[in-house]
Every structure is written in C-alpha cells, then in structure tokens.
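J.: how does the following fold in three dimensions:
(one chain, ligands or ions: 1)
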Amino acid sequence: MYTHVPVMLAEVLEYLKPQPGEKIFDGTLGGANYSLAIASAVGPQGQVVATDLDPLAIKNAKEKAKKAGIKNLQIVQDNFGNLAEIAEQHGPFDGAVFDLGLSSAQLADEKRGFSFQGDRPLSMSFNPEEAAGEETENILRYYKIEELTNIFRIYGDEPKAYSAAKLIVAFRKKKPIKTTGDLLEALAPILKNRGKTNPATRIFQALRIETNKEFKNLENALAALPTALKPGARIVVVSFHSGEDRIVKNFFRLESSDCICPSAVFTCTCGHQKTLKIITKKPLEASAQESAENPRARSAKLRAAIRL
Ligand SMILES: C[S@@+](CC[C@H](N)C(=O)[O-])C[C@H]1O[C@@H](n2cnc3c(N)ncnc32)[C@H](O)[C@@H]1O
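T.: All right, here's what the predicted structure looks like:
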C-alpha cells in the first residue's frame, strides 16, 4: 500500500490556480494527490505532466488515476532536475509545482533505509533501480571525514557533525556499514540522551539529501523554469528543509530583479531582466489544524511566483 497524506494541498491549489485547459507540470508525483487534484481542475481539455524517480510512486499513481477515471495525467519516470529537456518534449507549461523530499510511503518502505526503525538496507535512493546520485552505502564507505562532516553539517544541521563523521570512519575500518542498524551502532556514542525526537534523524536526512543530490536537482529545475513556463504561469514550491527553502528564496529574489550586479557597482553591467514576480512575500506555513493532524506539515514552507 502506497500512502501519503498531501501537505498544504488547499494552499497549493490556491496559488497554482489551475484553470480548465491548462498544462501543468508536477515535478513530484509521490502519492499523486496534487496531480489528481490538478488534473480535475484543468479538466479533460487540460493536462498534468508529472515526474517521479520512484517506480513504486509511478505504479501507484497509474493505478490511482485509472481507478479515478483520470485520463489527463501523463506520468514520466524522470528527474525533475531534467526539466529543461522535459519541457522541450512536453511543455511549455502554464504552471509548475514541486513538493520536495520524500513521501510517507518511501519512509515506511522496509526495503529501503530512509527510516531508522528496524534494520534495513542502507539504500536511500528515490529510484532504487538507478541511483540518481551516490549510493548511500558508498557515501559511508568512501567519503572522507571532511566530506561526511560537511554533509552532516549542511544537509542535517547536525551539531555533532565532526564526531559523527569520525565515528563512521573508525567503525568502517572494523566492519562495513551496510544496514541502518550498522549505522546506528556506529553512531551510538553520540546518540545517547538526545531529547524527544530520534537522535539519528539529522544524520539520516543528510545522507538522503546527498544520495539523491536533492539540492542540485532543485537548482537545475529552478534554472529551467523561465524557459519551461509560459508568461503568466505560476510556480509553487513546498519545501521541508531550511537549505531547500533558501535555494528557492534566493532564486526567486534573483529572478525578480532587473539588475543582479554586486551592490558596489554604480552602473548596471549585467543586463539581467527579471523573469518572475514573487507572490508570497514570506513563505506560507501549514495551518495549526493541519500541523496537528499531520506532523510532516509542521516544517513545510510554501513559496510561489508568477512567470512574467
Ligand atoms: C513529498 S512527495 C510528493 C507528494 C505528492 N505531492 C502528493 O501529493 O502525494 C515527494 C516525491 O518526490 C519524488 N522526488 C524527489 N526528488 C525527485 C526528483 N529529483 N525528480 C523526481 N521526483 C523526485 C520522491 O520520489 C517522492 O515520491
């Protein structure tokens, strides 16, 4: 069973404003909740083109769409980081949405190591058949102490990043780190007495982000937006990590400015012209009710913009 409760779906629809006849890109199909809602809004004359890397998400979405009688959802197994190429084939689009990170179904999948519950294989790729970035096991086997420290610090906000990296490097000399259990064993000395949330959350999140090159994919997708979208198209991004939200914020800022010369320059030499108008001054957060009902929604940040 593939289950995922969508986060901020009402707000996504409010800002994306899908209209009958439009063609919308959904970069993160997941449980297909956004895609199916958008497919109904654009109606039979419109279309949703949705990507996901995960074959399980694709299979589930196809079944769900068939059951719901939805015929205007085109599902493509691809990386949204390839948006430039995807848009050449399927675009241009009247809107684009990204709901970043992983789904609850992926977290619960016992064949993968997204969660530290139980002893699972250390595979955190969104596409287990073809890793988009590095295999998690290889990261733990080959990365140098400095590289591991950086990943834990930047992607995990882990306060003991260096200690965690040092423990991993010492552990792997004695025994390869192949399962989530091995990883927890290696990290045991820094995981004691760590408050209420599971102490390994930050390390697992960091490894997942590195495995899937999540920041790079997001940057590539954003960079493709100006050409992938029609003028007037809307962009909505929901993120769950401060680093991702920063990437979106900075991109929106840059693309909504006519000049991007350094502030010390008096006369503009860059010739940059804005391509976006920001429509969420501050990022939107989930309502108190949604956050109470779905803990995943608590860290969600929604930003939206219009292609000029
Ligand atoms: C939070 S879920 C999306 C949930 C979805 N909005 C829904 O309504 O059910 C994120 C999904 O994005 C996919 N994903 C993450 N990075 C991706 C990428 N670079 N390209 C394509 N899909 C990606 C994951 O495999 C996962 O299924």
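
J.: F126: what's it in contact with?
T.: For F126, the contacting residues are D52, L53, D54, L102, Q106, A132, N212, by CB atoms under 8 Å, 6 or more residues apart in numbering. Where C-beta positions appear, they are placed from N, C-alpha and C, glycine not excepted.

J.: domain ranges for the chain, per the record?
T.: Structural domains assigned to the chain are 9-105+215-307, 134-212, following automatic domain parsing.

J.: please identify the buried residues of stretch 212-230?
T.: With burial defined by 16 or more other CB atoms under 10 Å, the residues of stretch 212-230 counted as buried are 212-215, 217-222, 224-225, 228-229.

J.: coming back round to it: out of the contacts of F126, which is most surrounded?
T.: The most crowded member of those, judged by other CB atoms under 10 Å, is D52 (27 neighbours).

J.: would you agree it is in contact with Y34?
T.: No - in this structure D52 lies outside contact range of Y34 using CB atoms under 8 Å: 11.4 Å.

J.: which residues do these two both contact?
T.: Joint contacts of D52 and Y34 (CB under 8 Å, 6+ apart) are T28.

J.: which parts of the strand or helix carrying A292 are buried?
T.: Assessed by DSSP states H and E, A292 sits inside helix 288-293. Neighbour-count burial for helix 288-293, counted by 16+ other CB under 10 Å, picks out E290, S291.

J.: is the ligand contacted by it?
T.: No - counting by CB under 6 Å from any ligand atom, no contacts exist between helix 288-293 and the ligand, the nearest distance being 13.6 Å.

J.: which outside residues touch the next helix or strand after that helix?
T.: Sequence order places strand 301-307 as the next helix or strand after helix 288-293, per DSSP H and E. With CB under 8 Å, 6+ apart as the contact definition, strand 301-307 has outside contacts at 8, 11-12, 15-16, 225-226, 229-240, 245, 248-249, 252, 255-256, 275-280, 283-285.

J.: for strand 301-307, what does the pLDDT average out to?
T.: Mean per-residue pLDDT for strand 301-307: 98.

J.: so is that strand next to the ligand?
T.: No - shown here: strand 301-307 not in contact with the ligand (CB under 6 Å from any ligand atom), separated by at least 12.0 Å.

J.: could you do stretch 94-111 as well?
T.: Yes - interface with the ligand: stretch 94-111 contributes D99, G101, L102, S103 (CB under 6 Å from any ligand atom).

J.: biggest separation within those residues, which pair?
T.: Greatest spacing in the residues of stretch 94-111 next to the ligand, by CB to CB: D99 and L102 (10.3 Å).

J.: what residues does the protein put near the ligand?
T.: 4, 6, 27-28, 30-34, 51-54, 57, 79-81, 99, 101-103, 126, 212, 217.

J.: now which of the residues you listed would you call buried?
T.: The neighbour-count criterion (16+ other CB under 10 Å) marks 4, 6, 27-28, 30-34, 51-54, 57, 79-81, 99, 101-103, 126, 212, 217 among those as buried.
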